[in-house]
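S.K.: Coordinates only, no sequence provided:
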């Protein structure tokens, strides 16, 4: 059964820092991987979707990479801002729409 | 703009009550999902539907049922609410095929007392 792990569980950085969030998964047979943002008490907002044939995706200050063979993905946030404070979740799609989610990394960006 | 709407954001129900959580999407998506999210356990799939009147059990279907009579609407039903069903419930949808982004609603906070 696919297991998705996100480390660290929480991260606090000063404003302006570049940072990396990590996601690992146990079964490399995935169809795609998606990164989400969740604000307290709210639903999930999709940030980036990487298909299994892709190595990375970029959107503004966000860059997500995927290394399927090693079962890893990273989300890079450049020049962090207090508005980036949220929980970030990754999810893998094993090919049957039964997506598997990590528990998330709670990010705090201090002004 | 893509929209998944969960009609009830906050509900308080009594043990034994029948509870309906409604979800509507406006993107003509074939797939719809119900998850629950609990601290330390992450998101767990309850049920999903890939077409009208079709449903598949997820990881934790016990105590729940679903209904999809129209493509845009997916309902989650708690037949007899219990305190261990107190949770945040999230509805989501995606297009047919496996490469599509999944979109989530704002969530429904259910407290069973």
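M.R.: Noted; the coordinates are in hand. Computed from a predicted model, the values in this text were never measured in an experiment.
S.K.: could you measure the residue lying closest to residue B:38 once chain neighbours are set aside against chain A, distance?
M.R.: Nearest residue to residue B:38 in three dimensions, chain neighbours excluded: residue B:87, at 5.4 Å (Cβ to Cβ, 6 or more residues apart in numbering or on different chains). For the C-beta atoms, the positions are set from N, CA and C on the backbone; glycine is no exception. According to Cβ to the nearest Cβ, to the nearest Å, residue B:87 and chain A sit 13 Å apart.
S.K.: Point out the residues in chain B that sit beside chain A.
M.R.: B:4, B:6, B:31, B:33, B:40-43, B:45, B:48, B:50, B:58, B:90, B:92, B:94, B:98-99, B:101-107, B:109 (Cβ under 8 Å from any Cβ of the partner chain).
S.K.: if you set the cut-off to 6 Å instead, what comes out?
M.R.: With Cβ under 6 Å from any Cβ of the partner chain as the criterion, chain B comes near chain A at residues B:31, B:42, B:43, B:90, B:98, B:99, B:101, B:104, B:105, B:106, B:107.
S.K.: Bridge partners for the fourth one, pull those for me.
M.R.: This points to residue B:90. residue B:35 (DSSP bridges).
S.K.: Any idea how many residues pack against it?
M.R.: For residue B:90, the neighbour count with other Cβ atoms under 10 Å in any protein chain shown is 25.
S.K.: before we move on, back to that, could I get the residues of chain B next to chain A as CSV with secondary structure and pLDDT?
M.R.: Output for the residues of chain B next to chain A, formatted as CSV (DSSP: H, G, I helix; E, B strand; the rest coil; pLDDT from 0 to 100):
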residue, secondary structure, pLDDT
B:31, strand, 92
B:42, strand, 85
B:43, strand, 92
B:90, strand, 97
B:98, coil, 67
B:99, coil, 72
B:101, coil, 84
B:104, strand, 94
B:105, coil, 95
B:106, coil, 94
B:107, coil, 95
